[in-house]
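>>> okay, here's the prediction I keep looking at, along with the sequence it came from:
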Amino acid sequence: MDEGEIRAGVIATLRMIAPEIEEAAIEADAPLRDQVDLDSMDWLNVILGLHERFGIDIPEADYGRLGTLKDVVAYLAARA
Amino acid sequence: MIEFKLPSLGADMDEGKLLEWKVAPGDAVKKGQVVAIVDTSKAAVDVEIWSEGTVVELLVAPGETIPVGTVLATLLEAGETPKTAATRTAPTPAPPRPGPVTRAGGEAVTSGRRRISPAARKHAEELGVDIASLTGTGPEGAVTLADVEQAAAAGAAKTVAAPDRSAEMRRAIAAAMSRSKREIPHYYLSEPIPMRRALDWLARANAARPVTERLLPAVLLLKAVALATREVAEMNGLYRDGIFEPAAAAHIGVAISLRQGGLSAPAIHDVGEKSLEQLMRDLTDLVRRTRAGSLRSSEMSDPTLTVTNLGEQGVAAVYGVIYPPQVALVGFGRIGEQPWAENGALTVMPVVTASLAADHRVSDGHRGALFLAAIRELLQRPEDL
């Protein structure tokens, strides 16, 4: 799976929680949770959605490495 | 005869719009069964019935907006027959109805007045459907709601401008909160609660769990609030007609923000009795259904105390407005690191500021302080929650 596919999968996961987001409006280098307005329940649902889509179990201790969209894609790409 | 009335689905609801009936005349219903779907300004709510019986008549048609307390349907209690019920509720016996005449083809016709339920009649009027032109498919050739709708669909489709939901919701929230501030003499207290023990315990617990069973700090906070009501009962219950009725169980209303704006505070039932795992499942389910606009009437109408939790994206503290007829609201700000002095030393501590808005008609600051202190102490023993 290349980065483009992973990115598309992440966006699709985010859309399940925040259907109103537009891909073009997300800055890849800016804090993701502020941009998409994800509270802790939403964030847990994102983590669950990524787990279902990519089969990757992201431990809580790694949440700090998932600040931006770019971070999330890189994190998944290293494990997919 | 049982009269099934539109329940209040929260302090901010004065009226509702019936969207759909889930039962028909002749159906037997059980306690807790969803019988109708009603639109409030916030969500389409599955309305449950809390008596057992058999549906006699639907009195309100889908599409109608009716005030809280309106009789939606009549039902017969178990063992009641239409005859005994009629003599009890309507002393004047109705004139005998002409029986249906069945033709050879099996098609039922009635002589004289058309057999049509009041709900179907009303709906037909609204949709501009001529009742005389309808073919009834109900018992004894009665015209049903479905017949009316089918006829209307066959005719010209009427377009109705959709109401502005967010403006409606804002009005409903404003009305409930204005009433709260007008009627309830609020007092406010707050207390910073050290969260090191709770968060360390949670991190250890979550590390051992698959992602699907992870707990959020919010469930610890909810459970602590529910258990604290056992120590200070004046925070949990309803104030109605000048009297405070303490609640036996803590049905905690959880303030949930909706993505399109506004908020709703449906209840998780019996929070004090549930395990953290169960609470997490309930909370996840409640948030999902609230945002999808699919709630049950019991969740909307019976919280005994509300908790608002700003969560990680929030600010340091929140001072809430009590939802009448409840008498208290607990607010939690963001859990964040702060300088913390303890035993003569300064450290960095994750802290959450808990606030209490409570009703002076029921309690005073001393009891409120004991309540917040109880929450603080419970959160220092997360393994017991």
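Great, that's in hand. Remember, it's a predicted structure, so these values are computed and weren't measured experimentally. Numbers count the residues shown, from 1 in each chain, chains lettered A, B, ... in the order given.
>>> quick check: closest non-adjacent residue to B:Phe244.
Nearest residue to B:Phe244, sequence neighbours excluded (CB to CB, 6 or more residues apart in numbering or on different chains): B:Val362, at 4.6 Å. C-beta coordinates here come from the backbone N, C-alpha and C atoms, glycine included.
>>> contacts only, for that neighbour.
Contacts of B:Val362 were listed using CB atoms under 8 Å, 6 or more residues apart in numbering or on different chains, and they are B:Glu234, B:Gly237, B:Tyr239, B:Phe244, B:Val327.
>>> please report how far the residue sitting nearest the centre point of chain A lies from B:Leu283.
Centroid-nearest residue in chain A: A:Val10, 4.7 Å away (criterion: CA atoms, centre = their mean). Going from A:Val10 to B:Leu283 by CB to CB, to the nearest Å gives 25 Å.
>>> residue 32: neighbour count?
Answering for chain A, as no chain was given. Residues near A:Leu32, counting by other CB atoms under 10 Å in any protein chain shown, number 22.
>>> my bad, the chain I had in mind was chain B
11.
>>> again with A:Gly64
8.
>>> ditto for B:Leu346
Neighbours of B:Leu346 under the rule other CB under 10 Å: 9.
>>> am I right that it is in a helix?
No: under DSSP: H, G, I helix; E, B strand; the rest coil, B:Leu346 sits outside any helix and is assigned strand.
>>> low pLDDT regions in the stretch 251-385 of chain B?
For the stretch 251-385 of chain B, no stretch is flagged by pLDDT under 70.
>>> hang on, the residue nearest to the centre of chain A is in a helix, isn't it?
Yes: under three-state DSSP, A:Val10 falls within a helix.
>>> circling back: in strands, which of the contacts of B:Val362 fall?
Among those, the members falling in strands (DSSP state E) are B:Gly237, B:Tyr239, B:Phe244.
>>> closest to B:Ile375 out of those?
Set against B:Ile375, the nearest of the ones in strands among the contacts of B:Val362 by CB to CB is B:Gly237 (17.2 Å).
>>> pretty sure that closest one contacts B:Ala247?
Yes: if you go by CB atoms under 8 Å, B:Gly237 and B:Ala247 touch, sitting 4.4 Å apart.
>>> give the contact list for the residue nearest the centre of chain B.
Central residue of chain B (CA atoms, centre = their mean): B:Met300, 1.1 Å from the mean position. Contact analysis of B:Met300 by CB under 8 Å, 6+ apart lists B:Leu9, B:Gly10, B:Met13, B:Thr40, B:Val45, B:Ser264, B:Pro266, B:Ala267.
>>> got it, and B:Gly314?
B:Gly333, B:Arg334.
>>> may I see the buried residues of the worst-scoring helix or strand of chain A on mean pLDDT?
Least confident element among the helices and strands of chain A, by mean pLDDT, DSSP states H and E: helix A:32-36 (a mean of 87). Within helix A:32-36, the residues that count as buried by 16 or more other CB atoms under 10 Å in any protein chain shown are A:Leu32, A:Arg33, A:Gln35, A:Val36.
>>> now for these: which two are most distant?
Pairwise distances across the buried residues of helix A:32-36 (CB to CB) peak at 7.4 Å, for the pair A:Arg33 and A:Gln35.
>>> for chain B, what are the nearby residues on chain A?
A:18-20, A:33-34, A:37-41, A:43-45, A:47-48, A:51, A:57-61 (CB under 8 Å from any CB of the partner chain).
>>> got the phi and psi for the closest residue to B:Gln260 other than its chain neighbours?
Spatial nearest neighbour of B:Gln260, excluding adjacent residues (CB to CB, 6+ apart): B:Ser166 at 6.2 Å. Dihedral pair for B:Ser166: phi -70, psi -30, per degrees, to the nearest 10.
>>> hmm, back to that, name the member of the ones in strands among the contacts of B:Val362 that has the highest neighbour count.
Neighbour tally across the ones in strands among the contacts of B:Val362 (other CB under 10 Å): the maximum, 21 neighbours, falls on B:Gly237.
>>> what about B:Ala198, which SS state?
Counting by three-state DSSP, the backbone at B:Ala198 sits in helix.
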